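Undergrad: Okay, sequence plus prediction incoming.
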Amino acid sequence: MQQLPAHSVYLVQESKETADAVAYAFLQNTGEPVQYPYKYPNIADDDVRIRILYTGLCHSDCLHSRGLWDPNIKYPSCPGHEVVGLVEKVGTGVTKFKVGDKVGCNPQRWMCQTCDLCKKGDNQLCSKGIFLYDDNNFGGYSTHIQVAERMVFRIPEGFNDALGSPLLCAGITVYAPLKRYYKPNFSCAVIGIGGLGHLAVQYAAKLGMTVTAFTTSKNREQEIKRLGASNLSSSINVESLKTEQGKYDIVINTLYIEDEEVFKSHQRLTAPTGTYIQVGAPPSKVNFKLDHAYIILNQIRVAGSLIGNYDETQEMLEFSAQNNVYPIVETFEFEDFPKAFDRMEKAQAKFRCVVNVGKWAQANGLWK
Amino acid sequence: MATKEHSLYKLVTKEQAEAFAWSFEGPNTEALLYPFVFPPIQPHEVRIQQTYFGLCYTDCHLVNQDWFPINYPSVPGHEILGHVVMKGDQVTQFQIGDLVGAGFIRDSCGNCKLCIQGNDQLCGQKGDEHFIPLPKFGGFATHVQFPAKWAFPIPNTIPQHLAPPLLCAGITVFAPLKRYFNPNKEVAIIGIGGLGHLAIKFSAAMGMRTSAISTSPDKEQEAKSYGAIDFIVSKNPEEMAKASGRFDIILSCAHASTVEEFIDQTKLLKNGGDFIMVGIPALTKVELQLPFYSLVCRQISFVGSLVGSRQENYEMIEFANKHKIYPTCEEYEFENFKTAYDKLLNGRPKYRCVVKVGNAPQTLKQ
């Protein structure tokens, strides 16, 4: 068995017998993730330790662990920020949750609650915010995760655990800006029908808007219409995009496309006084080119959006459960984590990969 | 003297002229005196004899085809002030002799969604009739004729020689400041020129904590006299670094000359903040762009604003009147229009060039 490298925080174990948890961790920026048994050094007073039931895989996981956003990340790296699980243990000061509660984690693990942005309600922009996974913290590619209670979410009654984990990132990423800028009578354009886009179509339709899906997948018309789209149109054909110019009060772009003309055409879908929301992000170094003449002459807003704040995330979970909004997922066994990652990395997933963590963890004695 | 005739405005001798314009017969040319008669006034129109008019850099962009090709001869100009000397039968809101002003918008339909919801400056139903400076004759003239709907009564408490720039520069900054206003917000105005110096005055009068950002250190005292609480020299990296992430709103009243400069400006914005854009640079100028992660992960917005609606114009005039907000201007005689235009195009006016029409309609006939 290969010798696993040490981690700055977690105590690597020889085998799962002595471990608190088993992660799937990357040891370098190439290759497959491997099983990494570990113990937690402690449980802080306000920490909640969670037995993970399901983890969703997000493209951000690749961009992080392959070193695409930051080539200098530390290894072993354990990503994953779409978690649904059960409370296993709580720190002495925890009041919001008890053992056995069904909970979730999103891409943020810490908010300070005292800075301007937290006080305003936008904790996702907190100046002292910490992501769920980074050089010091393991994320959701694991049988367990330990997070401060202030960033743990309650999973509502009737929530579909097997389908719902991707909502904690993909779901909130589109739900929050749609809620922020929408009116129920608006016409909505969703650009890119992938992991984010297929959820955006559902939310937008449930919120009452008329939705046009902009996609390259004309062959999935029936499926996309069943999700709530009234029409389909091309996301990359410039001639076709020109005919749609100025028609949409709210545009949500889940893609990033290098072709400048196509990208300007996306901004130009926005109706006068409308809002264009950018959520799709590329590997870091690329610039977003503003179509400033169109923005000014039509008085539109071009807005970036990053996940959502705590309240929006909790609300999204409840809205999704009540309105039956879930991703279409491909489910993998825990031991097939590398296969799931590969499928997601190659953008082949229809539409999100989810790993059934709980089944393996329970069968392998990790629920101690 | 002009030689190229406009299809709507008959080119006549000085003695026969009803009005005199300064026309351009091609891009990057000098203005030529154009004596003319108007087409018959329409029932919904007014004819204004100007007392003063303002010059705005947009007029230069239009004449020089910086954005799109235009027809010549062209008489731009859209900071209009004068008395009603003639009106169509359907005009009831004005009397002959009323003092009115007008800006960039010539007409709107009144029935489309944008008009009805109060954004009539964005009405797309009027085609060629949308804007005052082209293709019909605009404000670089002794007289202007246009729909009464877009004429605004000007109170006589506003000094006439200072009023015209309010109708474009003023409304351009007033409307978005009012739209995004919040007494708790920190505002930065970038560029202390025609738009910027008025923006500081409006923003401070609205009760917002307003800072001025400029390339020129020597504008500090002046900016503070207008109401700025702080002054940051954009060429000073330490000052810019210190102000990083400080402002809820940035109103950009100057074009960045490089991509790096634009990106540096966006760094001054707080996460979740609004960067207001009002000035369209020449198409050959710098592409406004910023790193994707800045836009997405900092959740910032770029919002455009185009002059203002009729309602916003009425409000701006009342607000400027009440708070005595006037632009700083350089005055020129009508006969010296070319000097004013050249100052605008090539020099750095402080901060608007205003032309006094005075007796020109009579004296030019001789």
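TA: Noted; the coordinates are in hand. Numbers count the residues shown, from 1 in each chain, chains lettered A, B, ... in the order given.
Undergrad: quick one: contacts for the residue nearest to the spatial centre of chain A?
TA: In chain A, the residue lying closest to the centroid (C-alpha atoms, centre = their mean) is A:C169, at 2.1 Å. Going by C-beta atoms under 8 Å, 6 or more residues apart in numbering or on different chains, A:C169 touches A:G56, A:C58, A:S60, A:H81, A:E82, A:N106, A:P107, A:I307. For the C-beta atoms, the positions are set from N, CA and C on the backbone; glycine is no exception.
Undergrad: let's go with 6 Å and repeat that
TA: A:C58, A:H81, A:E82, A:P107 (C-beta atoms under 6 Å, 6 or more residues apart in numbering or on different chains).
Undergrad: Spit out the contact partners of the residue in the stretch 1-150 of chain B positioned nearest to chain A.
TA: The nearest approach of the stretch 1-150 of chain B to chain A comes at B:L122, 4.7 Å away (C-beta to the nearest C-beta). Contacts for B:L122 (C-beta under 6 Å, 6+ apart) come out as A:P272, B:L114.
Undergrad: For chain B, what's the nearest residue on the stretch 1-150 of chain A?
TA: In the stretch 1-150 of chain A, the residue found nearest to chain B is A:L125; the distance is 4.0 Å by C-beta to the nearest C-beta.
Undergrad: Can you get me a residue count around the residue nearest to B:F334 when sequence neighbours are not counted?
TA: Of all residues not flanking B:F334 in the chain, B:A360 sits nearest, at 3.8 Å (C-beta to C-beta, 6 or more residues apart in numbering or on different chains). By other C-beta atoms under 10 Å in any protein chain shown, 19 other residues sit near B:A360.
Undergrad: same check, this time on A:G100
TA: The burial count for A:G100: 10, using other C-beta under 10 Å.
Undergrad: Assumed it was part of a strand.
TA: No - membership of A:G100 in a strand is not supported by DSSP: H, G, I helix; E, B strand; the rest coil, which gives coil.
Undergrad: near chain B, which residues of chain A show up?
TA: Taking C-beta under 6 Å from any C-beta of the partner chain as the measure of proximity, chain A contacts chain B at A:117, A:122, A:125, A:272-273, A:278, A:281-282, A:284, A:286-290, A:292-293, A:295-297, A:299-306.
Undergrad: quick one on the thing from earlier: the residue of the stretch 1-150 of chain A closest to chain B reaches B:K270, doesn't it?
TA: No - between A:L125 and B:K270 there is no contact, the gap being 8.6 Å when judged by C-beta atoms under 6 Å.
Undergrad: what's the burial count for B:E330?
TA: 17.
Undergrad: Also the one 10 residues further on?
TA: B:A340 sits with 26 neighbouring residues when counted by other C-beta under 10 Å.
Undergrad: Please apply the same query to the one 4 residues further on.
TA: Residues within reach of B:L344, counting by other C-beta under 10 Å, total 20.
Undergrad: quick one: it is in a helix?
TA: Yes - applying three-state DSSP, one finds B:L344 inside a helix.
Undergrad: who touches it in this structure?
TA: If you count contacts by C-beta under 6 Å, 6+ apart, B:L344 has them with B:L55, B:C353.
Undergrad: now with 8 Å?
TA: When contacts are counted by C-beta under 8 Å, 6+ apart, B:L344 touches B:L55, B:C56, B:Y57, B:D59, B:C60, B:C353.
Undergrad: Remind me which helix or strand A:P338 belongs to.
TA: Using DSSP states H and E, A:P338 sits in helix A:337-345.
Undergrad: what are the ranges of the strands in the stretch 251-368 of chain A?
TA: Assigned by DSSP state E, counting those that start in this stretch, the stretch 251-368 of chain A shows strands spanning A:270-278, A:287-289, A:301-304, A:329-333, A:352-356.
Undergrad: So chain B: which segments form each domain?
TA: Domain segmentation of chain B under automatic domain parsing yields B:10-167+B:309-363, B:170-304.
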